[in-house]
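Colleague: next come a sequence and a model predicted from it.
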Protein chains: 2
Amino acid sequence: MTDEATAFVPGHVTGFFSAHPDENPAIAGSRGAGVTLTDGVRVTVRRDERGDDGGTTESDPRTGEAARRVSPAIVTLNGERVRVDPVGGVLDALGVDEGRVSVAAETPLPVGAGFGVSGAVALGVAFGANVLFGRGRSENELVTVAHRAEVEAGTGLGDVVAQARGGLPIRLDPGAPGHGALDGIPERPRVEYVTFGELSTAAVLSGDTTALTAAGESALGDLREEPTASRMVALSRRFAHEAGLLTDRVADAIDDVRAAGGDASMAMLGETVFAFGTGLSDAGYDPAVCDVHTAGAGLLPEE
Amino acid sequence: MTDEATAFVPGHVTGFFSAHPDENPAIAGSRGAGVTLTDGVRVTVRRDERGDDGGTTESDPRTGEAARRVSPAIVTLNGERVRVDPVGGVLDALGVDEGRVSVAAETPLPVGAGFGVSGAVALGVAFGANVLFGRGRSENELVTVAHRAEVEAGTGLGDVVAQARGGLPIRLDPGAPGHGALDGIPERPRVEYVTFGELSTAAVLSGDTTALTAAGESALGDLREEPTASRMVALSRRFAHEAGLLTDRVADAIDDVRAAGGDASMAMLGETVFAFGTGLSDAGYDPAVCDVHTAGAGLLPEE
């Protein structure tokens, strides 16, 4: 029996989307298109019987016994202790007491800037805890567990299913495996991105999403006519404009890339601009550079 | 405009399956489970306007003009010219005249021994021709094209959809994307295999598959109860026995692996034995060794 398991989950930038809430979090989700990245999150789940993970212990007022440890979904992310809300839901769904594990995540991606880091941690914890505690779930079941937890936490609607697939995912129908449906763009371009700051996914998703969803549905229909990477960026740019989500800094950077002969758009949701090929560097920016991740999330071999 | 495009398609070994024929080749397929391999097929499609690909030219008897080149799906496989039947169907579905392309495939895998080489070539040609001739198809559409061509050629029922997915695919429902459904085992074991000879997939699939399909359905139900790699091998072994497909050489090798404390089964369909971990080498064999391929089929970057 091993004491830890590590999964890699690619980052995911959504270019455009429509929101499809539902009372059942496995059916809720988004339609749209995005890019999975070789820049991702490495998530290690460790067995931690002593429970020294920062959780607190509730005691039963009648017996005085320590009853159940309660941990507010705290993980170590790049060495700092942060709260990643969906993690609690994932562990709960797998029947793993939060006091029995510690979670450490490492990523080069900015947090809160539209790269799906919370979904990645949730999915990585699902893969890791499943093998560590012998839960015997299938990949679809683990994706469902993470998707539900992300929807219930309000931190995302479509990152998890896209990160489980890899490539340039098109979310044809919302929801977890068995409800949703995915396709992909058969290209593997180089990716560049720059981040200016954070935006709150929860704040946008909890507001009026009518205009956003109409723009997203329109972009999806047009992408399906010709599913290419260049069209995906152009439709994402149209969506960001129509949905009223562009910030000044993002709009300026997109204009700069276009002036240099390229194309770029905005990550949903963060103050992040992404481009394929050399769009941002041609425009004089100093972007982070990575590739499209060809595979979906998965366990890494034991070291 | 580039003059060639190269795709990589993982090899695929089916451990057990049930056959589900249908008049519509997109609905026909198999259920079952298998392993995709980092040993795969690299397929290069080249634009070849002169048509010097070994095809013959039919002339119109009324006008005497060369009307349409007819090529019997000839590809170069590891330097030898061989016939790969589904390739003609793939090019036809994409509206590409066979006289306009040449196809070269390279693989370390044995041909006709249960590694899905024909499906891999079909899928690789679909990805390559799509980008080379700007056909603008999605990944699901390309998988559908290759799956249909493979079913129509009678060379396979489930390799293409598994090779498009990667990992340890479970075929829950038969057929191309939109009809079929897939899941996966969330493990990435090392793979060993030895091959003693060929078996004809077409001969088995064209015979009475009643007992085989009953055994395959039973194995699938049991695997879904606990989708782990070790259980997949054990259920594959039970299937090969129940379906009456074991040859003496394959049965002996499986016995040897079990005597050495491991487990192994037979590739469907070839005289091939596969094991996870070090099962075959522990039993004194000198197997080929590779890993589970984490990604599905896809284009390789231009060199």
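Modeller: Right, received. Where do you want to start? Just so it is clear, the model here is predicted, and its values are computed rather than measured. Numbers count the residues shown, from 1 in each chain, chains lettered A, B, ... in the order given.
Colleague: distance of A:Ala259 relative to chain B?
Modeller: 26 Å (Cβ to the nearest Cβ, to the nearest Å). All C-beta spots, glycine's among them, are computed from the backbone N, C-alpha and C.
Colleague: wait, I meant A:Glu106
Modeller: Distance of A:Glu106 to chain B, computed by Cβ to the nearest Cβ: 19 Å.
Colleague: can you report phi and psi for that residue?
Modeller: phi -130, psi 130 (degrees, to the nearest 10).
Colleague: burial measure for it, as a count.
Modeller: 14 (other Cβ atoms under 10 Å in any protein chain shown).
Colleague: spell out the secondary structure type for the nearest residue to it once chain neighbours are set aside.
Modeller: Once flanking residues are discounted, A:Glu106 sits nearest to A:Arg42: 4.7 Å by Cβ to Cβ, 6 or more residues apart in numbering or on different chains. Put simply, A:Arg42 is strand when judged by DSSP: H, G, I helix; E, B strand; the rest coil.
Colleague: A:Arg42 touches A:Leu109, doesn't it?
Modeller: No. The criterion here is Cβ atoms under 8 Å, and A:Arg42 misses it with A:Leu109 at 10.9 Å.
Colleague: returning to what we had before: how about the residue nearest to A:Glu106: which residues does it bridge to?
Modeller: Note on A:Arg42: beta-bridge partners by DSSP bridges are A:Phe8, A:Glu106.
Colleague: now for it: which residues touch it?
Modeller: Residues near A:Arg42 by Cβ atoms under 8 Å, 6 or more residues apart in numbering or on different chains: A:Thr6, A:Ala7, A:Phe8, A:Ala105, A:Glu106, A:Thr107, A:Gly124, A:Leu300.
Colleague: quick one: neighbours of the fourth one, just the number.
Modeller: Taking other Cβ under 10 Å as the neighbour definition, A:Ala105 ends up with a count of 25.
Colleague: ok, now the third one?
Modeller: Residues contacting A:Phe8 under the criterion other Cβ under 10 Å number 20.
Colleague: for chain A, which residues are neighbours of chain B?
Modeller: Residues of chain A found near chain B, taking Cβ under 8 Å from any Cβ of the partner chain as the criterion, are A:127, A:130-131, A:136-142, A:166-167, A:170, A:177-178, A:181, A:183-188, A:224, A:226-228, A:294-296, A:298-301.
Colleague: show only the entries of those residues found in helices.
Modeller: Among the residues of chain A next to chain B, the members falling in helices (DSSP state H) are A:Phe127, A:Asn130, A:Val131, A:Glu139, A:Asn140, A:Glu141, A:Leu142, A:Arg224.
Colleague: ok, of the residues you listed, which one's closest to A:Leu91?
Modeller: A:Asn130 (10.8 Å; Cβ to Cβ).
Colleague: quick one: the helices in chain A?
Modeller: A:86-93, A:117-132, A:139-153, A:159-165, A:201-205, A:210-225, A:229-242, A:248-259, A:279-282.
Colleague: what's the closest of those to B:Val35?
Modeller: helix A:139-153 (14.1 Å).
Colleague: just the buried positions in that closest one, please.
Modeller: Neighbour counts over helix A:139-153 (16 or more other Cβ atoms under 10 Å in any protein chain shown) mark A:139-151, A:153 as buried.
Colleague: off-centre distance for that helix?
Modeller: 11 Å (Cα atoms, centre = their mean, to the nearest Å).
Colleague: over to stretch A:151-164?
Modeller: On Cα atoms, centre = their mean, the centre of stretch A:151-164 falls 6 Å from the chain's centre.
Colleague: that one: end-to-end distance?
Modeller: Stretch A:151-164 has an end-to-end distance of 15 Å (criterion: Cα to Cα, to the nearest Å).
Colleague: that older thread, got a markdown table for the contacts of A:Arg42, with pLDDT too?
Modeller: Shown next, in a markdown table, are the contacts of A:Arg42 (pLDDT from 0 to 100):
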| residue | pLDDT |
| --- | --- |
| A:Thr6 | 97 |
| A:Ala7 | 98 |
| A:Phe8 | 98 |
| A:Ala105 | 98 |
| A:Glu106 | 98 |
| A:Thr107 | 98 |
| A:Gly124 | 98 |
| A:Leu300 | 93 |
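Colleague: of those residues, which pair is most distant in space?
Modeller: Every pair of those checked by Cβ to Cβ; the farthest is A:Thr107 and A:Leu300, at 14.2 Å.
Colleague: what number of residues lie near A:Asp286?
Modeller: A:Asp286, neighbours per other Cβ under 10 Å, totals 9.
Colleague: what about the nearest residue to it once chain neighbours are set aside, distance to chain B?
Modeller: Excluding its sequence neighbours, the residue lying closest to A:Asp286 (Cβ to Cβ, 6+ apart) is A:Val194, at 7.6 Å. For A:Val194, the distance to chain B equals 23 Å [Cβ to the nearest Cβ].
Colleague: number of nearby residues for A:Val194?
Modeller: Neighbours of A:Val194 (other Cβ under 10 Å): 23.
Colleague: for it, give me the pLDDT.
Modeller: pLDDT recorded at A:Val194 is 98.
Colleague: show me the contacts for it.
Modeller: With Cβ under 8 Å, 6+ apart, A:Val194 has these contacts: A:Ala253, A:Thr272, A:Val273, A:Leu280, A:Tyr285, A:Asp286, A:Pro287, A:Ala288.
Colleague: do A:Gly167 as well
Modeller: Per Cβ under 8 Å, 6+ apart, neighbours of A:Gly167: A:Thr36, A:Gly184, A:Ile185, A:Arg188, A:Val292, A:His293, A:Thr294, B:Glu139, B:Ala295, B:Gly296, B:Gly298.
Colleague: make it 7 Å
Modeller: A:Thr36, A:Gly184, A:Val292, A:Thr294, B:Gly298 (Cβ atoms under 7 Å, 6 or more residues apart in numbering or on different chains).
Colleague: tell me the phi and psi of the closest residue to the last one other than its chain neighbours?
Modeller: This points to B:Gly298. Of all residues not flanking B:Gly298 in the chain, A:Thr294 sits nearest, at 5.4 Å (Cβ to Cβ, 6+ apart). When read as degrees, to the nearest 10, the backbone of A:Thr294 gives phi -80, psi -30.
Colleague: same question, A:Leu269
Modeller: Torsion angles, degrees, to the nearest 10, at A:Leu269: phi -130, psi 120.
Colleague: was I right to think it contacts A:Ala113?
Modeller: No. Using Cβ atoms under 7 Å, A:Leu269 is not in contact with A:Ala113; the gap is 8.6 Å.
Colleague: quick check: which ranges of the stretch 51-200 of chain A have low pLDDT?
Modeller: Applying pLDDT under 70 to the stretch 51-200 of chain A flags residues A:51-72.
Colleague: what of the stretch 201-303 of chain A?
Modeller: Across the stretch 201-303 of chain A (using pLDDT under 70), the flagged ranges come out as A:201-202, A:303.
Colleague: give the closest residue to the residue of the stretch 1-150 of chain A found nearest chain B in space, chain neighbours not counted.
Modeller: Going by Cβ to the nearest Cβ, chain B is nearest to A:Glu139 of the stretch 1-150 of chain A, at 3.8 Å. If the residues on either side of it in the chain are set aside, A:Glu139 comes closest to B:Gly184, at 3.8 Å by Cβ to Cβ, 6+ apart.
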